[in-house]
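Colleague: this one's sequence-less:
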């Protein structure tokens, strides 16, 4: 099963069981020098963005001035505390995501949503560019109804911008889902550890608000 690549997210009863033990990580962001483990300071909230391979996606978000801290991990599936190899098997239901912690302000979240939509192709289903598999699907996992409403509105906004491009409809999975499992330490801030490392991010070229 670890070598199969299902074309759809497996149901919970099909997923690997995982383990109770959490992933051991350093907990300190290599650039921001802040803890990426909870609890976070008062007034901070979080979101999990799936945009394909999480290495380049994390860099996009740690570069934003309003972001408190970032980390990479797995979300959206059923396997407890999965390993990278298990996620890559397609038998966990998880996708690779970036945890983004930021101040609880709708304008800040809106700027992060704009970056999310413009930095990858959200119409590709179970892939992103040459990376194929359920772990590369586009996703936004939020904490509450307020975030959900804003994320869904942003999807409608970007779908409107895409309507005349010839691209397929947005396939991004958007839901209230607080589950998040940290990825192995060597994945955290990978492009600081390996500055010339692999980054597959490629947007559609369509602006979120239709600017030239």
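Modeller: In hand now; what should we look at? Worth saying up front: this structure is predicted, and the values here are computed from it rather than measured.
Colleague: confirm residue 73 sits in a strand?
Modeller: Yes: counting by DSSP: H, G, I helix; E, B strand; the rest coil, residue 73 is found in a strand.
Colleague: how far away is it from residue 99?
Modeller: Separation of residue 73 from residue 99 (Cβ to Cβ, to the nearest Å): 6 Å. No exception for glycine: its C-beta is placed from N, CA and C like everyone else's.
Colleague: got it, and residue 76?
Modeller: 13 Å.
Colleague: what about residue 129, neighbour count?
Modeller: 14 (other Cβ atoms under 10 Å).
Colleague: pLDDT wise, what is it at?
Modeller: Each residue has a pLDDT score; the one for residue 129 is 93.
Colleague: does it touch residue 198 like I think?
Modeller: No: between residue 129 and residue 198 there is no contact under Cβ atoms under 8 Å: 11.0 Å.
Colleague: let me see the residues that make contact with stretch 171-180.
Modeller: 48, 50, 73-76, 95, 97, 99, 122-125, 137-145, 147-148, 151-152, 155 (Cβ atoms under 8 Å, 6 or more residues apart in numbering).
Colleague: report the buried residues of it.
Modeller: 172, 174, 177, 180 (16 or more other Cβ atoms under 10 Å).
Colleague: circling back: identify the contacts common to residue 73 and residue 99.
Modeller: Counting by Cβ under 8 Å, 6+ apart, the residues touching both residue 73 and residue 99 are 48, 180.
Colleague: about what we covered before: can I have the buried ones of the contacts of stretch 171-180 as a PyMOL selection?
Modeller: Filtering the contacts of stretch 171-180 down to the buried ones (16+ other Cβ under 10 Å) takes a single PyMOL command:
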select buried, resi 48+50+73+74+75+76+95+97+99+122+123+124+137+138+139+140+141+142+147+148+151+155
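Colleague: next secondary structure element downstream of the longest helix along the chain?
Modeller: When the chain is scanned for its longest helix (criterion: DSSP state H), the result is helix 145-162. Next helix or strand after helix 145-162 toward the C-terminus (DSSP states H and E): strand 173-176.
Colleague: now for the helix or strand just after that following strand, which elements pack on it?
Modeller: With elements assigned by DSSP H and E, the helix or strand that comes after strand 173-176 is strand 181-182. In this structure, strand 181-182 makes packing contacts with strand 69-75, judged by 3 or more Cβ pairs under 8 Å, 6 or more residues apart in numbering; DSSP states H and E.
Colleague: helices and strands around the strand it packs on, which ones?
Modeller: Against strand 69-75 (3+ Cβ pairs under 8 Å, 6+ apart) you get strand 44-51, helix 54-62, strand 95-103, strand 181-182.
Colleague: one more pass at 6 Å, please.
Modeller: Packing partners of strand 69-75 (3 or more Cβ pairs under 6 Å, 6 or more residues apart in numbering; DSSP states H and E): helix 54-62, strand 95-103, strand 181-182.
Colleague: can you lay out the ones you listed as TSV showing distance to residue 203 and mean pLDDT?
Modeller: As requested, the helices and strands packed on strand 69-75 are arranged in TSV below (distance: least, Cβ to Cβ, whole Å; pLDDT from 0 to 100):
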stretch	distance to residue 203	mean pLDDT
helix 54-62	10	98
strand 95-103	16	98
strand 181-182	27	98
